[in-house]
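**Q** After the sequence you'll find the predicted model.
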Amino acid sequence: KAGVTQTPRYLIKTRGQQVTLSCSPISGHRSVSWYQQTPGQGLQFLFEYFSETQRNKGNFPGRFSGRQFSNSRSEMNVSTLELGDSALYLCASSLRETSGRDNEQFFGPGTRLTVL
Amino acid sequence: QKEVEQDPGPLSVPEGAIVSLNCTYSNSAFQYFMWYRQYSRKGPELLMYTYSSGNKEDGRFTAQVDKSSKYISLFIRDSQPSDSATYLCAMILLSGSARQLTFGSGTQLTVLP
């Protein structure tokens, strides 16, 4: 079974630009969560999508947004990039049908975003 | 105070040693507990998943959860150089239809050959 895939793997942008990152979950997984990882703040939760609906959102400004498609693939968008947005952006998928092991989250390799 | 506190390390041990990694948490509503391993420039890899107090063993890895003390640990027996990575504890809080995974800051482990 293929794992979680993220594209692109590396991205360089300049301040003020916007960026869209893509995540394809494991086949059959309906939940996709996004995280930002930086050396200073560690792994921080951005948002979770399940069945095309945002179920939860972390403490990030409105410049960070996302969506999920009917095939469970998800995209994350960051507008008006700032230097502090440079980070590894990770996507994780899970079954999330009920409780228990359905909550196991499997991570992709991440997209490393550098803002100059 | 962070909801999840993790011993920051870094930790350096000789090959074959027993490694103990620890996290404490403040929110008693956390229901599921995980340990992830992250190699440099890779995504986190799920190592252990548990939801009840007690021990869970998988090969050389043992996860321990003490809900009364709000404390979780990961033990690695017979550590190998390939275990050198950053280890992250993580916890899930379920609230209605919302679910959020909260991570510790990570412990960098180096196993010396």
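**A** Received the coordinates, thanks.

**Q** need the residues of chain B near chain A, please.
**A** In this structure, chain B approaches chain A at residues B:32, B:34, B:36, B:41-46, B:49, B:51, B:88, B:90, B:92, B:94, B:97-106, judged by Cβ under 8 Å from any Cβ of the partner chain. No exception for glycine: its C-beta is placed from N, CA and C like everyone else's.

**Q** and the lowest-mean-pLDDT helix or strand in chain B, what does it pack onto?
**A** For chain B, counting by mean pLDDT, DSSP states H and E, strand B:98-103 ranks last in confidence among helices and strands (a mean of 79). If you count contacts as 3 or more Cβ pairs under 8 Å, 6 or more residues apart in numbering or on different chains; DSSP states H and E, strand B:98-103 packs onto strand A:31-38, strand A:42-50, strand A:53-57, strand B:85-95.

**Q** make it 6 Å
**A** Under the contact criterion of 3 or more Cβ pairs under 6 Å, 6 or more residues apart in numbering or on different chains; DSSP states H and E, strand B:98-103 touches strand A:42-50, strand A:53-57, strand B:85-95.

**Q** any residues touching the first one, and which ones?
**A** Read that as strand A:42-50. Identification of contacts with strand A:42-50 by Cβ atoms under 6 Å, 6 or more residues apart in numbering or on different chains yields A:30-37, A:54-58, A:60, A:64, A:66, A:68, A:74, A:96, B:100, B:103, B:105.

**Q** which stretches of the chain form strands?
**A** By default, I'm working from chain A. For chain A, the strands defined by DSSP state E cover A:5-7, A:10-13, A:19-24, A:31-38, A:42-50, A:53-57, A:64-68, A:74-78, A:87-94, A:106-107, A:111-115.

**Q** hmm, I had chain B in mind actually
**A** B:4-6, B:11-14, B:19-25, B:32-38, B:45-50, B:54-58, B:61-66, B:71-76, B:85-95, B:98-103, B:107-112.

**Q** Geometric centre of chain A: which residue is closest?
**A** Among the residues of chain A, the one closest to the centroid is A:Trp34, at 2.8 Å (Cα atoms, centre = their mean).

**Q** And the pLDDT for it?
**A** What the model reports as pLDDT for A:Trp34 is 96.

**Q** so it makes contact with A:Met76?
**A** Yes. Counting by Cβ atoms under 6 Å, A:Trp34 touches A:Met76, with 5.1 Å between them.

**Q** give me the number of residues near A:Thr7?
**A** Other residues near A:Thr7 number 12, with proximity taken as other Cβ atoms under 10 Å in any protein chain shown.

**Q** how about CSV for the helices and strands packed on strand B:98-103, with distance to B:Gln6 and mean pLDDT added?
**A** Shown next, in CSV, are the helices and strands packed on strand B:98-103 (distance: least, Cβ to Cβ, whole Å; pLDDT from 0 to 100):
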stretch, distance to B:Gln6, mean pLDDT
strand A:42-50, 9, 91
strand A:53-57, 22, 89
strand B:85-95, 6, 89
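
**Q** would you list the ones you listed in CSV and tack on distance to B:Lys56 and mean neighbour count?
**A** CSV is the format used below for the helices and strands packed on strand B:98-103 (distance: least, Cβ to Cβ, whole Å; neighbours: other Cβ atoms under 10 Å in any protein chain shown):
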stretch, distance to B:Lys56, mean neighbour count
strand A:42-50, 22, 22
strand A:53-57, 27, 16
strand B:85-95, 14, 21
